[in-house]
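Peer 1: how would this look folded up:
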Amino acid sequence: MIKIIIRITIAVVTLITMYSCEDVVDIDLDTDTPKLVIDASIKWQKGTSGNEQTIRLTTTTNFYDATIPNANGATVTIFDGTTTYDFIEDVGTGNYICTNFNPVINGTYTLTVIYNGETYTATDTLYPTPEIDYVEQSVISGFDDAIEIKFFYQDNGLQDNYYLLGVKNSNNAFPEYGTADDEFFQGNQMFGIYIDDEIVANDVLDLSVQGISVRYFNYMEKLLNIAGSDGGNPFSSPPATLRGNIINQTNTNNFPFGYFSLGEIDTESYVVQ
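Peer 2: Numbering: from 1, shown residues only. From the prediction side, this is the model:
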């Protein structure tokens, strides 16, 4: 399955005339006990050693807080069956950094996080990814003349593959993601699509393809659907708490948010024509 990453701007203007005074209404929202959030996505950029990796730890907070609290003072390690890699915090930032990590394709790794006396663990495999072969650009006539970008990559027909596709627009603060699998494209050339009616010549798009596990693929499918990036309603409530593959070994009821994944990644910077 090929997923489309789309950004189309729709302007909606609502004119409201009011003859009465405006009142500020504060709504009391329940605040749950903060949970640990573990952002442990290990990405091995093709053509690099992959030795420097970062894991970010934060905690949940209440709806009205403008800042996300960092989870400081944790012990973070990854074990590959032979070597334990220590991730040391850049003090006070919640960023835990390793400078001697050794990524191996199809290697199995176990993450351990010890925080506030509780131990969290997860295991995953480091998946390979193909290179981005080339990029095509076209205009969709009649659709606000939106620009369509396709980036092509060759699937490995000897195995079932799952991909996380990304596009980072230089004009936007955050990247946008989509997912793809080779169910109907086994061993064929595949492509990701990005459509935007606001990009113009000389804008820069950072394109990426990352190999991921089927479990992480399913997790990201649900996450993107909840976020509205994959056709879901961003204003609806999630049908259930989305839990990743990280388990609290000390207290299973105090589960964390986030996911531990490893994958090779290929990127290409494309200048819009």
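Peer 1: make it CA atoms for all contacts and neighbour counts henceforth
Peer 2: Fine.
Peer 1: assess the claim that residue 147 and residue 193 are in contact.
Peer 2: No - here residue 147 lies out of contact with residue 193, judged by C-alpha atoms under 8 Å, at a distance of 10.3 Å.
Peer 1: any idea how far residue 62 is from residue 69?
Peer 2: From residue 69 across to residue 62, the span is 10 Å (C-alpha to C-alpha, to the nearest Å).
Peer 1: which pLDDT value belongs to residue 61?
Peer 2: The score at residue 61 is 82. That number is its pLDDT.
Peer 1: and it, what element?
Peer 2: Counting by DSSP states H and E, there is no helix or strand that carries residue 61.
Peer 1: okay, now it: neighbour count?
Peer 2: For residue 61, the neighbour count with other C-alpha atoms under 10 Å is 16.
Peer 1: for residue 68, same thing?
Peer 2: By the other C-alpha under 10 Å criterion, the neighbourhood of residue 68 contains 11 residues.
Peer 1: which of the three states applies to it?
Peer 2: Under DSSP: H, G, I helix; E, B strand; the rest coil, residue 68 falls in the coil class.
Peer 1: mind listing what it touches?
Peer 2: Under the criterion of C-alpha atoms under 8 Å, 6 or more residues apart in numbering, the contact partners of residue 68 comprise 58-61.
Peer 1: what's the answer for residue 144, then?
Peer 2: Under the criterion of C-alpha under 8 Å, 6+ apart, the neighbours of residue 144 are residue 197.
Peer 1: in which helix or strand would I find it?
Peer 2: For residue 144, no secondary-structure element claims it when assigned by DSSP H and E, so it is in no helix or strand.
Peer 1: chain center to stretch 124-142, what's the gap?
Peer 2: Averaging C-alpha positions (C-alpha atoms, centre = their mean, to the nearest Å) puts stretch 124-142 16 Å from its chain's average.
Peer 1: same question for stretch 194-205.
Peer 2: On C-alpha atoms, centre = their mean, the centre of stretch 194-205 falls 21 Å from the chain's centre.
Peer 1: model confidence for the nearest residue to residue 125 once chain neighbours are set aside, exactly?
Peer 2: Closest residue to residue 125 apart from its sequence neighbours, by C-alpha to C-alpha, 6 or more residues apart in numbering: residue 108 at 4.4 Å. We note a pLDDT of 98 for residue 108 in this prediction.
Peer 1: now residue 108: how far from residue 222?
Peer 2: Plainly put, residue 108 is 24 Å away from residue 222 if you go by C-alpha to C-alpha.
Peer 1: wait, what's in contact with residue 266?
Peer 2: Residue 266 is in contact with 45-46, 129-132, 208-210, counting by C-alpha under 8 Å, 6+ apart.
Peer 1: from those residues, which is closest to residue 80?
Peer 2: Using C-alpha to C-alpha, the shortest approach to residue 80 within those belongs to residue 45, at 18.7 Å.
Peer 1: tell me who's in contact with that closest one.
Peer 2: Going by C-alpha under 8 Å, 6+ apart, the list of residues near residue 45 reads 264-267.
Peer 1: so how do I select the buried members of those in ChimeraX?
Peer 2: Provided next is the ChimeraX selection string for whichever of the contacts of residue 45 are buried by 16 or more other C-alpha atoms under 10 Å:
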select :264,265,266,267
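Peer 1: in the stretch 101-250 of the chain, which spans are helices?
Peer 2: Secondary structure of the stretch 101-250 of the chain (DSSP state H, counting those that start in this stretch): helices at 214-227.
Peer 1: for it, give me the ranges with low pLDDT.
Peer 2: 228-240 (pLDDT under 70).
Peer 1: for it, just list every one of the strands.
Peer 2: In chain order, the stretch 101-250 of the chain shows strands spanning 108-115, 118-127, 132-140, 146-154, 162-169, 176-181, 189-196, 204-212, 247-248, with DSSP state E, counting those that start in this stretch as the criterion.
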